[in-house]
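In: below is the sequence, then the predicted model.
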Amino acid sequence: MNRNWRIWIRWLLVAWTSPNSVIGLAFGVLALLTGGRAQIRRGCIEFHGGFVKWLLSRLLNGQGAAAMTLGHTILGQTPAMLHRARDHEHVHVRQYERWGPFFLPAYIGSSLVLWIRGCDSYLENPFEIEAYRLAPLNPQSQQPSAEGKSEPLKSQPPKPLSPEANVSADDSDCKRG
Ligand SMILES: [Zn+2]
């Protein structure tokens, strides 16, 4: 009985956040059509390479993002970047499961308000603050890629080890409460 409830709750969460997952799957199909690959890890479908790599490398004002979560799909530039970002991205998966179809409006709205106030629309975003607090990215955890090579870290976005690392002392309007 207990196990049945868990399966039902799991499917309800999948359905609740499916509008986001559909967007991720659309990007995933584009990745597969352009030489990218798919894999299933920890209950999510991950896509890397092809169009997804092209897209992610242009995010965050051209600095590039290692990975991005859309519902129960995770997009990554490479397998190594997915590996490095996986814990962080799964915090976002839990956020999507809480917010469902309201996650993207809430996330984008938060970033917009921060941007208007002159704050960091990415690192000061409450959803990112939670994700970095629970699962800070570890630049030391390099993992050989599918091709057996180590991915260079310089292509990764400059993300802090902890949220506190990027708060400037004189920027009182943008400090986290
Ligand atoms: Zn994040």
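Out: Sure thing, it's come through.
In: which ones are touching the spatially closest residue to Leu13 that is not a sequence neighbour?
Out: Counting by Cβ to Cβ, 6 or more residues apart in numbering, Leu13 lies nearest to Glu97, which is 4.6 Å off, once chain neighbours are set aside. Every residue, glycine included, has its C-beta placed from N, CA and C. By Cβ atoms under 8 Å, 6 or more residues apart in numbering, the contact set of Glu97 is Leu13, Trp16, Thr17.
In: try it again with 10 Å
Out: Remark: with contacts taken as Cβ atoms under 10 Å, 6 or more residues apart in numbering, Glu97 is in contact with Ile9, Arg10, Leu12, Leu13, Val14, Trp16, Thr17, Asn20, Gly71, His72, Phe103.
In: next one: Pro105
Out: Trp99.
In: tell me the spacing between it and Asn20.
Out: 11 Å (Cβ to Cβ, to the nearest Å).
In: overlap in contacts of these two?
Out: Common neighbours of Pro105 and Asn20 (Cβ under 10 Å, 6+ apart) are Trp99.
In: shaky segments in the protein?
Out: Applying pLDDT under 70 to the chain flags the ranges 1, 138-173, 175-177.
In: which ones are touching the nearest residue to Arg42 once chain neighbours are set aside?
Out: Leaving aside its sequence neighbours, Arg42 sits nearest to His90 (Cβ to Cβ, 6+ apart; 6.5 Å). Contact analysis of His90 by Cβ under 10 Å, 6+ apart lists Arg41, Arg42, Gly43, Cys44, Thr69, Ile74, Ala131, Leu134, Ala135.
In: can you redo the residues you listed as a markdown table with neighbour count and distance to the ion?
Out: Shown next, in a markdown table, are the contacts of His90 (neighbours: other Cβ atoms under 10 Å; distance: Cβ to the ion, whole Å):
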| residue | neighbour count | distance to the ion |
| --- | --- | --- |
| Arg41 | 14 | 17 |
| Arg42 | 11 | 16 |
| Gly43 | 11 | 18 |
| Cys44 | 19 | 14 |
| Thr69 | 27 | 7 |
| Ile74 | 27 | 11 |
| Ala131 | 24 | 4 |
| Leu134 | 12 | 10 |
| Ala135 | 16 | 9 |
